[in-house]
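# here is a sequence with its predicted model. Questions after.
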Amino acid sequence: MSNTPVQTSATDNNAGMAPILIACFVIGHFLWNVLTPAHEFPMRTAQIMSMVFDLGMFLSLCGSRRAMPQPLFWIALAAGIGLFALRLTDHGWWTGHLTYSLPPR
């Protein structure tokens with residue numbers, strides 16, 4: 001019998017890409033909420049859904065921490081905590097953004 005090398009499929013090579021994309025999305029979402037002001041309050045359902053979405057992304061980030069580089073994980077973890085820290089102010093509770101301003105008409 002001969003020892004033939006085991007072939008890996010293309011999906012095995014791309015399996016490590018999802019945790020990195022999740023981390024990049026969390027970091028990008030945090031930067032967007034910090035750098036852009038909110039211009040109006042969303043409806044209550046949109047507010048709750050954005051909080052649930054942020055929580056889901058945060059939990060999936062924590063669940064896949066061994067599948068990504070550790071510096072990227074810690075930066076994304078700080079950004080995920082920051083997403084919820086932005087909600088501690090009154091306007092931040094509704095918008096999730098750091099600043100709130102109404103544009104002139």
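Now that the structure is in, tell me what you want to look at. A quick note: this is a predicted structure, and the numbers were derived from the prediction, not measured.

# now do the residue nearest the centre of the chain, the pLDDT please.
The chain has residue 26 as the residue nearest its centroid, 2.0 Å off, counting by Cα atoms, centre = their mean. We note a pLDDT of 96 for residue 26 in this prediction.

# of all the residues in the helix or strand hosting it, which ones are buried?
Assigned by DSSP states H and E, residue 26 falls within helix 17-35. With burial defined by 16 or more other Cβ atoms under 10 Å, the residues of helix 17-35 counted as buried are 19-20, 22-23, 26-27, 29-30, 33. (C-beta placed from N, C-alpha, C; glycine too.)

# cool, and stretch 49-68?
Buried-residue list, stretch 49-68, by 16+ other Cβ under 10 Å: 50, 54, 57-58, 61, 64, 68.

# before we move on, what about stretch 64-83?
64, 68, 72-73, 75-77, 79-80, 82-83.

# a markdown table for the residues you listed, including pLDDT and distance to residue 98?
Shown next, in a markdown table, are those (pLDDT from 0 to 100; distance: Cβ to Cβ, whole Å):
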| residue | pLDDT | distance to residue 98 |
| --- | --- | --- |
| 64 | 92 | 27 |
| 68 | 92 | 26 |
| 72 | 95 | 23 |
| 73 | 95 | 23 |
| 75 | 97 | 18 |
| 76 | 96 | 18 |
| 77 | 96 | 19 |
| 79 | 97 | 13 |
| 80 | 96 | 16 |
| 82 | 96 | 10 |
| 83 | 95 | 11 |
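
# that concludes my questions; thank you for your assistance.
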